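>>> Generate a structure from the sequence data that follows.
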Amino acid sequence: MQALANQLCENRQFGSKMTDSKYFTTTKKGEIFELKAELNSDKKEKKKEAVKKVIASMTVGKDVSALFPDVVNCMQTDNLELKKLVYLYLMNYAKSQPDMAIMAVNTFVKDCEDPNPLIRALAVRTMGCIRVDKITEYLCEPLRKCLKDEDPYVRKTAAVCVAKLHDINAQLVEDQGFLDTLKDLISDSNPMVVANAVAALSEIAESHPNSNLMDLNPQTMNKLLTALNECTEWGQIFILDCLANYTPRDDRESQSICERVTPRLSHANSAVVLSAVKVLMKFMEMLPKDLDYYGTLLKKLAPPLVTLLSAEPELQYVALRNINLIVQRRPEILKHEMKVFYVKYNDPIYVKLEKLDIMIRLASQANIAQVLAELKEYATEVDVDFVRKAVRAIGRCAIKVEQSAERCVSTLLDLIQTKVNYVVQEAIVVIKDIFRKYPNKYESVIATLCENLDSLDEPEARAAMIWIVGEYAERIDNADELLESFLEGFHDESTQVQLQLLTAIVKLFLKKPTETQELVQQVLSLATQDSDNPDLRDRGYIYWRLLSTDPVAAKEVVLAEKPLISEETDLIEPTLLEELICHIGTLASVYHKPPSAFVEGNHGVQHKGLPGSAGSAESESPDAVSAGAATEAPAAVIPSQGDLLGDLLNLDLTPPATTGPLPHSGGMQMGAMDLLGGGLDSLLGGDLGGSPAMGAGFGAPPAAMPPAFSAPVSGSLYDLFDLDNGVGMPLGSFCPPKTVWLPAMKAKGLEISGTFVRHAGVIQMEMTITNKAMSVMTGFAIQFNRNSFGLAPAGPIQVPSPLSPNQNIEVSLPLNTVGPVMKMEPLNNLQVAFKNNIDVFYFSCQYPISVLFAEDGKMERQVFLATWKDIPNENESQFQIKDCHLNSDAASNKLQSINIFTIAERTVDGQDMLYQSMKLTNGIWALAELKVQAGNPNYTVSLKCRAPEVSQCVFQSYEAVLKN
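Numbering: from 1, shown residues only. Have a look, this model is predicted:
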């Protein structure tokens, strides 16, 4: 009988759960009216049912805001379930009904003193979630009481509420002393209260990096480590993340902290494990390597990382991305664990590729035989992407472990014999790298490679094969025939293949000049006269010039001994790796990018580094930190020596030192080396305006340069980056005309018109304040809402009082950019509150983004070109500026007045191209290409920026200045 009763009870409970679905199925008309009646019913059950229906409607997206007063009336109840539902409704609709939300304030205050701690916590949590300014001031007293409540559940809820309130009104939190109370909670007896206090302080500190809220010292650390053992798993993560920001005083303290954190490595939650690994990786930096404990710690780190790889694929992937960073920093941790990274047949492709990458990083002389056997097996799989990566991995092993190179080459040749098209092509690409690493060692395999020439259809493989033929042309009897076969479809090839083919044929010509003169003439003609690709044309012109003027120099340049390629070409740059190690267990460690690369805004991004290293917190000044990503970005994109743009920029582009007119000869004395028959004038004249001087732009004139090249170089590439020619002389700051921001009819007789200007690095809000009322005005004050760039008044507005009727006054308000940030629509929108003795008035205005252009916005020329190349093409926007009648010099001068700096200027086909840079106060760079054509009143400006939403505002500044 008892069992039957239990069964009936379970069925009844199950039935009650199932009945909740009925609230979501109703589609009655006139439903709002019926709900209103039910909400005002005297019966408690009917009220509860009605509120459930309201919440269900709200959940599926119906607008039930009309019921706000009726739902709020249901708050006065002892039923916890009903109270929760009403609070849920309030959180959703309070923002759209702020005036009515105040009706609920008394109930909140009353609930904060309820004997039930669950209701006290619920009330303070809900008040924190209602983001209405009018309510926040009523929240202060209840919150202060809850922060000192006798129940730990209420205290921990109140701690989180402080962080929410800080996000709504930071000044209020500071004025009310809540931050000090929050710091006191770190000493609380309850570990969950400590964890929530740490979480709240960390959240606030992230949005204010320079506030020094988390004042960590040995006493605080001891309290946190004590709480660590007893709080929940998410509490442990908050505390561990906080510990990671601490820099120990010495190695003894570092060891002590490591010993107390190490037990967390055996936690079941993978997030706790990764947070503990982050702390240990950071503090290990301060331990001497000869210390016994150091070796013990290395051994303890391996098992938890290996255990993470037995989880589901998604968790495995996150673990592998973090392990990838750890292995780059400390490969010795996992050097004996190679087998756990062997690929399983049922691993998803993203896990397979990541495991493969780690296998290469762990490859050494001791385990290379196992690794190669495994990789050879992978190369016969069915997954094409995985096979390609496996073949590349064999090549990387050869480059990394010299003793294995011969075995790797032998394995690659075996794979080539399989004649599987994509395997052959990948093998050729990696063999090219092996030739670079070990010159004159494995060239005997070239004959085998040449047999597969016809099967190559991928650009990278074709380019690699062409490089091999050009590099070892003297060892290949029919090298000219092989390269000529590629030349037949020159215009159908990708840019990569075209560039490689051009270089290879020039190499061949320098090695066998008598046999290949016609071939080199053909490729130079195709590259310079028939191609629209600027990279290809520029390289063609440079080779042509070298061959035409000084074949010996050409040989030294083109056939120069190449530097050996490094063992690990894909290692993360050391300072970035240090920063990523400090972000283990976060998105940054999965993306392998610093937070500044994907977190918007100029607040909330702190650059971290390992202790005792170049990137450590001690060595960073606040200025360096606040500069953020902007200061780092250029350094990261300066091209390497082998980069095409880098090579072009490394040429000497300065004009000759001689200032007087140089002797001029009418003829071109090229002699036998005039490959193209028409001389340089005829070659360059068609493309670049026909001036002999134009040719001089492609390199510094050699000592034995023919007289024809000694013409003055004005307008040539010599002065491409030389801006002394009248470009960039400031004309004084641009000042947009004033517009009426607040009309008198909307502000009880107060009229405000104004504009924004930038003088000597200071942003000024220039206003004319007019009293059109019949009474005197006094007590002026101004406040800004949060905005996209953190604009805020640098001090109180200075308006001489009183302002008599019909009197106006000019006021200049200095601004700074350290206010709170919130993205606005449009981006340059500013919401202003202006107060006087009559009332508070609100208006919106838009500031020209040019007032945010900093005076240090002139990029180095190399950084400019490399950054332009590095920013994705989808971030480029193009705009037309119509009816503008300025020449390029005048345009450049005008733009420099608002800190848009011209980096370079050149003329192509009668069109002046200005390359310009500007830097916003929050560190965002914008790059521009302005095209100006004589006689054409329409300009074209192309803008590139890592934050493309800025481009429209930048264009508006261009248009305003150039058409002013």
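>>> Show me the strands in the protein, by range?
739-742, 750-759, 762-771, 781-784, 792-793, 808-816, 829-835, 840-846, 876-881, 901-908, 911-919, 925-933, 939-945 (DSSP state E).
>>> Can you redo those as JSON lines, where the extra columns are distance to A379, mean neighbour count and mean pLDDT?
The C-beta positions use only the backbone N, C-alpha and C, and glycine is treated the same way. Shown next, in JSON lines, are the strands of the chain (distance: least, C-beta to C-beta, whole Å; neighbours: other C-beta atoms under 10 Å; pLDDT from 0 to 100):
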{"stretch": "strand 739-742", "distance to A379": "69", "mean neighbour count": "17", "mean pLDDT": "92"}
{"stretch": "strand 750-759", "distance to A379": "61", "mean neighbour count": "20", "mean pLDDT": "92"}
{"stretch": "strand 762-771", "distance to A379": "61", "mean neighbour count": "20", "mean pLDDT": "92"}
{"stretch": "strand 781-784", "distance to A379": "62", "mean neighbour count": "15", "mean pLDDT": "91"}
{"stretch": "strand 792-793", "distance to A379": "61", "mean neighbour count": "16", "mean pLDDT": "92"}
{"stretch": "strand 808-816", "distance to A379": "60", "mean neighbour count": "15", "mean pLDDT": "92"}
{"stretch": "strand 829-835", "distance to A379": "57", "mean neighbour count": "17", "mean pLDDT": "92"}
{"stretch": "strand 840-846", "distance to A379": "60", "mean neighbour count": "15", "mean pLDDT": "92"}
{"stretch": "strand 876-881", "distance to A379": "40", "mean neighbour count": "15", "mean pLDDT": "88"}
{"stretch": "strand 901-908", "distance to A379": "48", "mean neighbour count": "20", "mean pLDDT": "87"}
{"stretch": "strand 911-919", "distance to A379": "46", "mean neighbour count": "22", "mean pLDDT": "90"}
{"stretch": "strand 925-933", "distance to A379": "43", "mean neighbour count": "22", "mean pLDDT": "90"}
{"stretch": "strand 939-945", "distance to A379": "40", "mean neighbour count": "20", "mean pLDDT": "90"}
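>>> closest to F486 out of those strands?
Comparing those by their distance to F486 (C-beta to C-beta), the top pick is strand 901-908, with 29.5 Å.
>>> what pairs with the closest one, and is each one parallel or antiparallel?
Next to strand 901-908 in the sheet, as set by DSSP bridges, lie strand 911-919 (antiparallel).
>>> Go ahead and flag the most central residue of the chain.
A597 (1.8 Å; C-alpha atoms, centre = their mean).
>>> And it, how close does it get to V162?
For A597, the distance to V162 equals 30 Å [C-beta to C-beta, to the nearest Å].
>>> for M75, same thing?
The gap separating M75 from V162 is 24 Å, by C-beta to C-beta.
>>> Mind checking which of those two has more residues around it?
The residue with more neighbours, out of M75 and V162 and counting by other C-beta atoms under 10 Å, is V162; that gives 26 against 20.
>>> Nearest to G857 among the strands of the chain would be which one?
With C-beta to C-beta as the yardstick, what comes closest out of those is strand 911-919 (3.5 Å).
>>> List every C-alpha atom in the closest one, with coordinates, as PDB.
These are the backbone C-alpha positions of strand 911-919, laid out as PDB (Å, rounded to 0.1, in the frame of the first residue of the first chain):
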ATOM      1  CA  GLN A 911      46.300  60.800 -60.300                       C
ATOM      2  CA  ASP A 912      47.900  61.900 -57.000                       C
ATOM      3  CA  MET A 913      47.700  59.300 -54.300                       C
ATOM      4  CA  LEU A 914      48.000  60.400 -50.700                       C
ATOM      5  CA  TYR A 915      48.600  57.700 -48.000                       C
ATOM      6  CA  GLN A 916      47.500  59.000 -44.600                       C
ATOM      7  CA  SER A 917      47.300  57.800 -41.000                       C
ATOM      8  CA  MET A 918      45.400  59.000 -37.900                       C
ATOM      9  CA  LYS A 919      45.200  57.700 -34.400                       C
END
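>>> and A197, how many residues sit next to it?
The number of residues packed around A197, counting by other C-beta under 10 Å, is 29.
>>> Could you measure from it over to D180?
Note on A197: its distance to D180, by C-beta to C-beta, is 12 Å.
>>> Ok, S877 next?
48 Å.
>>> do D480 as well
In this view, D480 and D180 are 82 Å apart by C-beta to C-beta.
>>> The two: which is more packed in?
Under the neighbour definition other C-beta under 10 Å, D480 and D180 were set side by side, and D480 has more, 19 against 9.
>>> I'd assumed T516 was in contact with the more buried one.
Yes: under the criterion of C-beta atoms under 8 Å, D480 makes contact with T516 at 5.4 Å.
>>> Identify the contacts common to these two.
L508 (C-beta atoms under 8 Å, 6 or more residues apart in numbering).
>>> Stretch 281-289: end-to-end distance?
13 Å (C-alpha to C-alpha, to the nearest Å).
>>> what about E451, how many neighbours?
Counted with other C-beta under 10 Å, residues neighbouring E451 total 11.
>>> Report the contact partners of it.
By C-beta under 8 Å, 6+ apart, E451 has no neighbours at all.
>>> Please report the distance of it from I333.
45 Å.
>>> same question, Q236
When distances are taken as C-beta to C-beta, Q236 and I333 turn out to be 22 Å apart.
>>> just R407 next, same as before
Look at R407 and I333: by C-beta to C-beta, they are 27 Å apart.
>>> of the two, who's got more company?
Each of R407 and I333 has its neighbours counted (other C-beta under 10 Å); I333 has more, 22 against 16.
>>> Now do the contacts for S494.
Contacts here follow C-beta under 8 Å, 6+ apart; on that basis S494 touches P459.
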